[in-house]
Structure formats: structure tokens, C-alpha cells
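Student: requesting a structural model of the entry that follows:
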Amino acid sequence: MLYQFEFDERLGIAIPDLKKDWNSYDKETQEEILTKWEEIRGDIPDRVKHLEGKINRKQDELYNEDDFDRSCTLNSEISDLASAINDLWLWFRAQGEITGRSHF
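Tutor: Numbering: from 1, shown residues only. Below you'll find the predicted structure:
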């Protein structure tokens, strides 16, 4: 296979994995890749919103948490979710970079 989109559990979206240099693909394949990526990319804002909701719920829980160990766990979970949101926004902005990179 010349390319694929692999689902990333952490991000909740499929990520492009190009097996060769962008310019080595024929125009038809480039269009296929870009079309598929635009479909996935369009879902990123909704995915971010979903993760932000999870962060808000965990922050509410943290606010009312008295157990130190549980507070540490919640902080770690919030941090992981925030990191995923940051990565999703990076992918969202990567639209123009797909043509310049063989692996994302």
C-alpha cells in the first residue's frame, strides 16, 4: 500500500502515514489523500470540543476532591487530555504540510 490512515486512539482520529515522498505520488493519488485528509480534518474541531467537555468534568470533580491521590490522578488525566487537544490543533493546521512530508 502506498499510503494509509491509521487510527490514533489517543487523538480519536486517523492519521496519515505516507509510505513515500509526496512528489512521488501521481496527481490522482495525491487528490485521494488530500480528500480523505480533509474529511478527517473537518472532524477535529468536534473532537476538541468533546475532549474539552471531558476536561471540564474532570476539573469539576477535582474541585470537590479531598483525596490527594485521586487529585493527582485527575490532574494527570486533565494534562493528558490537554496534550491531545494541542496535538489535534497541530494536525488541524497541518493541511498544507501534507505535501511536504512523507510521514506525519
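Student: packing partners of the longest helix seen in the chain?
Tutor: The helix that spans the most residues within the chain, counting by DSSP state H, is helix 68-93. If you count contacts as 3 or more Cβ pairs under 8 Å, 6 or more residues apart in numbering; DSSP states H and E, helix 68-93 packs onto strand 13-18, helix 44-63. (C-beta placed from N, C-alpha, C; glycine too.)
Student: give me that answer again for 10 Å
Tutor: Packing partners of helix 68-93 (3 or more Cβ pairs under 10 Å, 6 or more residues apart in numbering; DSSP states H and E): strand 3-8, strand 13-18, helix 27-41, helix 44-63.
Student: now the angle from that helix to helix 44-63?
Tutor: Taking axes from the mean of the first three to the mean of the last three Cα atoms, to 10 degrees, helix 68-93 and helix 44-63 form an angle of 170 degrees between their directions.
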